[in-house]
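Asks: Give me the fold of what follows.
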Amino acid sequence: MNDQVLVGGPRLDAYLVFISDEHGSEGSAWDQRVKYISGFSGSSGYAIITLDQTALWTDGRYFLQADNQMDCNWILMKEGTAGYPTGSEWLASILPNGARVGAYPNYVSITTWQTYETALAGKATLVGVPADLVDVIWTDPSRPPRPNNPPFVHQILYAGVEWLDKVAQVRQKLVEQPADALAVTILEESAWLFNLRGSDQSYSLFYAYSIVLPNEIRLFLNNYEQMITDVEIQDHLNVNRSGRCKNPTSINCTNVYDYSTIMTHIQQLASNNLSVWLDPSANYASYSAAGARRLVLRSPIALMKAVKNDVEKVKFADCIMRDSSAVIEFLTFLEKEILAGNNWTEVSAATKLEEIRSTYPDFKGISFDAISAYGPHASIIHYMPDPSSPDTNSQILTDNVYLLDSGGQYLDGTTDVTRTLHYGTPEPIIIEAYTRVLMGSIDLALTVWPEGLRGSDFDARARTPIWQRGWDYNHGTGHGIGYYLSVHEGPGRIGMGYSSSDSPIYEGMFFSDEPGFYEDNVYGIRHETLVQVIKADVPNQFGGKKYLGFKPATLVPFEPKLINYASLSEAQITYLNSYNQRCLNEVGPYLLNVRGNQEAYDWLVARVGPIPVKRSK
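Replies: From the prediction side, this is the model:
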């Protein structure tokens, strides 16, 4: 940190390294800078390097994983845990007055940059460096290349709304704000806006920026002329082979430019005294380029994308049903194999599940690397098995739980489902934990609320049965999920703690419902079911408000031998009976008539029998 050319001035006293890329995404393998310098491979966290100390911050999902992966040169800082400072607090406590803290503006969000700037004011200066220092030193030929694959058209059959109609909605928001231009920096938003998809990230996204103006639309792609050689793409965007608009006089004129020129275009807009709207998650380089009239507010696309249109809602629900069928086929297969004494490991099981999913219609790839975790590994919330290591690729046996969290990408949706299994005789504490987590999942699914509430308003419903045991879990209860986009989608969430950046939960959104419990280094339980936000069937609408509820979309039954039915309330048993009947009625015919899998159908039937309801006196 002493090279004045690299750091753009006098030496640095500390340097910030973030997991996210220039779009605020987790990025590709090329972007794993935190892993490169620390060994930590989780999807959330950041590192701070000083002249004599190195520290890493991550959330509760990764405490065990980070502790296992980092050596003694690193300090693990547990975010959200009493006694652990934030990154800015730590720097303020250890740095001398007048210190210089470096960061690469392209990899830091506006919000994060301003948070550090404010926290360090009077103590240290946050300075932007001209190139990321990890990128400078990471010259190993084995570094994975940055993906750069052509996008393709997401057909109207799946998208439901023409992309130019989406642009018209965005332009209306520009008028209402008002703002002169919207700079779209989030990958999911450009993909959704243009009805395009790709394979650079998550088998659904492509690297892009875009700008929406009242009389023009600009799309920025790396090596753009190679990215639009397909005539279908040219016709879709109404551009010629060179990326120029075919009808320059139209307000729907689209021009495609090189990815590397985005900051120049934003600067040009600012120099013409135009106000540029940026999402707070946009990188700080774009904020600097946008000049004095910049407007930092949540992108209007975030909510448009999260509230699925009528076509998306129908397609998505069908997609999740088919994916449920794939999971049931896999669980049927794996149970038979394990009970026969055959050798299956965490990695081979995940590979087999992907193989089964790949035989389903419209499958494009997995939505994330499966969390395939046996026994103690299941207590690592976001555990990832490593095929090269026997320590992190355990054989699946019969004396502990097997937790499987996985998902697929399909043309008509993104899926994410978790079920916890046991192929032997479970201990009473396992049954207790499984049942408590199931009770929390059901209670959340039964929630009814007036429109306008955030997920933080009813997160406690999922945790209460777990709290009653003196337990808890260090992750959110639910995240939004994209429509053939990313497995995690804002702007809503279900979790503890109010945040003004969280959107209320609206009809047409899809969420995960995923409470859990984890006994460190012993076992872990999680149930994850995707749910659709629907209008609730209630007898009144007090205050003229709309009331909302959840409809389960994932239809994979739970394990009867792991449930203590005596602990369930009448309402919980009634819900579970209804859920099981839907699994049988909706997935059963697909397994039999489309997949021709009698064995999987029988496995399903064995788990959905009626449960006697205890009647309240």
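Asks: I'd like the average pLDDT over the helix ranked longest in the chain.
Replies: If you go by DSSP state H, the chain has its longest helix at helix 310-339. Here helix 310-339 scores 98 as its mean pLDDT.
Asks: which is the next helix or strand following that helix?
Replies: Going down the chain from helix 310-339, the next helix or strand is helix 346-357, by DSSP states H and E.
Asks: Now the element after that following helix, going C-ward?
Replies: In N-to-C order, the element after helix 346-357 by DSSP H and E is strand 363-366.
Asks: hmm, back to that, next, the angle from the longest helix of the chain to helix 346-357.
Replies: 130 degrees (axes from the mean of the first three to the mean of the last three C-alpha atoms, to 10 degrees).
Asks: Buried by neighbour count: which residues of stretch 557-565 qualify?
Replies: 557, 558, 559, 562, 563 (16 or more other C-beta atoms under 10 Å). For the C-beta atoms, the positions are set from N, CA and C on the backbone; glycine is no exception.
Asks: Among these, which pair sits farthest apart?
Replies: Longest distance between any two of those is 11.4 Å, between 557 and 562; criterion C-beta to C-beta.
Asks: which stretches of the stretch 351-500 of the chain form strands?
Replies: According to DSSP state E, counting those that start in this stretch, the stretch 351-500 of the chain carries its strands in the segments 363-366, 371-374, 401-406, 408-410, 413-414, 417-422, 448-450, 478-480, 489-494.
Asks: possible to save those strands as JSON lines with distance to residue 468, mean pLDDT and mean neighbour count?
Replies: Converted to JSON lines, the strands of the stretch 351-500 of the chain look like this (distance: least, C-beta to C-beta, whole Å; pLDDT from 0 to 100; neighbours: other C-beta atoms under 10 Å):
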{"stretch": "strand 363-366", "distance to residue 468": "36", "mean pLDDT": "98", "mean neighbour count": "18"}
{"stretch": "strand 371-374", "distance to residue 468": "26", "mean pLDDT": "97", "mean neighbour count": "27"}
{"stretch": "strand 401-406", "distance to residue 468": "21", "mean pLDDT": "98", "mean neighbour count": "27"}
{"stretch": "strand 408-410", "distance to residue 468": "35", "mean pLDDT": "98", "mean neighbour count": "28"}
{"stretch": "strand 413-414", "distance to residue 468": "33", "mean pLDDT": "98", "mean neighbour count": "30"}
{"stretch": "strand 417-422", "distance to residue 468": "20", "mean pLDDT": "98", "mean neighbour count": "22"}
{"stretch": "strand 448-450", "distance to residue 468": "22", "mean pLDDT": "97", "mean neighbour count": "16"}
{"stretch": "strand 478-480", "distance to residue 468": "20", "mean pLDDT": "98", "mean neighbour count": "24"}
{"stretch": "strand 489-494", "distance to residue 468": "19", "mean pLDDT": "96", "mean neighbour count": "23"}
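Asks: Can you add distance to residue 538 and give those back as a markdown table?
Replies: Formatted as a markdown table, the strands of the stretch 351-500 of the chain follow (distance: least, C-beta to C-beta, whole Å):
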| stretch | distance to residue 538 |
| --- | --- |
| strand 363-366 | 38 |
| strand 371-374 | 37 |
| strand 401-406 | 33 |
| strand 408-410 | 33 |
| strand 413-414 | 28 |
| strand 417-422 | 29 |
| strand 448-450 | 6 |
| strand 478-480 | 22 |
| strand 489-494 | 20 |
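Asks: looking at these, which is closest to residue 251?
Replies: strand 489-494 (28.1 Å).
Asks: What strands line up against the closest one, and which way round?
Replies: Using DSSP bridges, strand 489-494 pairs in its sheet with strand 478-480 (antiparallel).
Asks: Low-confidence stretches in the stretch 251-400 of the chain?
Replies: 390 (pLDDT under 70).
Asks: can we see that at 90?
Replies: Within the stretch 251-400 of the chain, the segments meeting pLDDT under 90 span 251, 253, 384-393.
Asks: So, low pLDDT: which residues of the stretch 401-550 of the chain?
Replies: 498-501, 541, 543-544.
Asks: Wait, residue 12 touches residue 102, no?
Replies: Yes: using C-beta atoms under 8 Å, residue 12 is in contact with residue 102, at 4.1 Å.
Asks: Report the spatially nearest residue to residue 491, omitting neighbours in sequence.
Replies: residue 503 (3.8 Å; C-beta to C-beta, 6 or more residues apart in numbering).
Asks: Now do the SS call for the one you found.
Replies: Under DSSP: H, G, I helix; E, B strand; the rest coil, residue 503 falls in the coil class.
Asks: So it sits against residue 307, correct?
Replies: No: using C-beta under 8 Å as the test, residue 503 is too far from residue 307 to be in contact (9.5 Å).
Asks: measure the residue nearest to residue 208 when sequence neighbours are not counted to residue 19 for me?
Replies: Of all residues not flanking residue 208 in the chain, residue 190 sits nearest, at 4.4 Å (C-beta to C-beta, 6+ apart). For residue 190, the distance to residue 19 (C-beta to C-beta, to the nearest Å) stands at 21 Å.
Asks: now do residue 221
Replies: 24 Å.
Asks: Who has more neighbours out of the two?
Replies: Shown here are residue 221 and residue 19; by other C-beta atoms under 10 Å, residue 221 has more neighbours (26 against 22).
Asks: ok, now which ones touch the more buried one?
Replies: If a contact means C-beta atoms under 8 Å, 6 or more residues apart in numbering, then residue 221 has 151, 206, 207, 208, 227, 228, 256, 257, 258, 259 as its contacts.
Asks: can you redo the residues you listed as CSV with secondary structure?
Replies: Listed next are the contacts of residue 221 as CSV, based on three-state DSSP:
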residue, secondary structure
151, coil
206, coil
207, coil
208, coil
227, helix
228, coil
256, strand
257, strand
258, strand
259, helix
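Asks: From these, list the buried ones, please.
Replies: Going by neighbour count (16+ other C-beta under 10 Å), the contacts of residue 221 have 151, 206, 207, 208, 227, 228, 256, 257, 259 buried.
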